[in-house]
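Undergrad: my questions are about this predicted structure, shown below with the sequence.
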Amino acid sequence: MFQMFDAIAFCHTNRILHRDLKPQNLLVDTLGNIKLADFGLARAFNMPMRAYTHEVVTLWYRAPEILLGTKFYGTGMDIWSLGCIFAEMIMKRSLFPGDSEIDQLYRIFRTLGTPDENNWPGVTQLPDYKGKFPKWEKPNIPDIIVKHEAYELFKAMVIYEPNRRISAKNAMLHRYFDNLEFVKQVDLPKET
């Protein structure tokens with residue numbers, strides 16, 4: 001995870017949104033180095049933010065603000081995707097394996113609770129927000145994540161309000177990484 005944050009911090013510092021973070025776009029070499037791949041959807045960003053398409057990011061890793069139709073998004077969308085990848089590493093399966101945009105939203109809402117103006121100011125103004133969305137009041141995060149030593153970091157990555165999500169640089173400073181040890185080599189399975 002540290003290497004993924006480092007790579008995204010580099011992108012964000014250089015004003016690049018990757019916009020398609022998923023396990024298939026993370027390459028690992030025999031030394032255990034992770035490289036980001038597939039910058040086909042990447043875009044430069046400026047302040048103030050300009051409008052972007054919401055047809056980005058593989059569905060399972062897509063941030064809720066994009067699913068709710070915002071065309072103005074920033075680095076938080078990449079952090080959300082990394083949060084989904086992190087959960088997948090812990091659980092060994094996808095956290096939100098939706099099969100449509102609405103199913104994806106409902107899976108997120110069932111897990112984190114349905115967002116409202118209290119935990120995400122402005123959510124009701126997003127183009128695809130519906131007042132009749134089912135109301136899941138309490139978070140229902142899988143126990144394997146809640147009991148994991150990285151739970152606090154995970155929660156900081158999947159905060160509904162995009163501007164409150166932890167930055168990649170700050171994530172690298174999180175106490176979860178305090179005792180980080182870099183491996184010298186990883187023996188990857190050989191193809192037969």
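TA: That came through fine. Since the structure is predicted, the reported quantities are computational estimates derived from the model, not experimental observations.

Undergrad: can we go C-alpha only for contacts and neighbour counts from here?
TA: Fine.

Undergrad: name the helices or strands packed onto the helix ranked longest in the chain?
TA: Using DSSP state H to define each element, the chain has its longest helix at helix 76-91. Using 3 or more CA pairs under 8 Å, 6 or more residues apart in numbering; DSSP states H and E as the contact criterion, the elements in contact with helix 76-91 are helix 143-146, helix 151-157.

Undergrad: at 10 Å instead, please
TA: In terms of contacts (3 or more CA pairs under 10 Å, 6 or more residues apart in numbering; DSSP states H and E), helix 76-91 is packed against helix 2-13, strand 16-17, helix 64-67, helix 143-146, helix 151-157, helix 168-172.

Undergrad: could you check how far the first one is from the centre of its chain?
TA: So that's helix 2-13. Relative to the chain's own centre, helix 2-13 is displaced by 13 Å; criterion: CA atoms, centre = their mean, to the nearest Å.

Undergrad: can you show me the CA trace of it as CSV?
TA: Provided in CSV are the C-alpha atoms of helix 2-13 (Å, rounded to 0.1, in the frame of the first residue of the first chain):
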residue,chain,number,x,y,z
PHE,A,2,2.8,2.4,0.8
GLN,A,3,4.2,2.1,-2.7
MET,A,4,0.7,2.7,-4.2
PHE,A,5,0.3,5.8,-2.0
ASP,A,6,3.8,6.9,-3.1
ALA,A,7,3.0,6.5,-6.8
ILE,A,8,-0.4,8.4,-6.4
ALA,A,9,1.3,11.1,-4.3
PHE,A,10,3.7,11.6,-7.2
CYS,A,11,0.9,11.8,-9.7
HIS,A,12,-1.2,14.2,-7.5
THR,A,13,1.8,16.4,-6.8
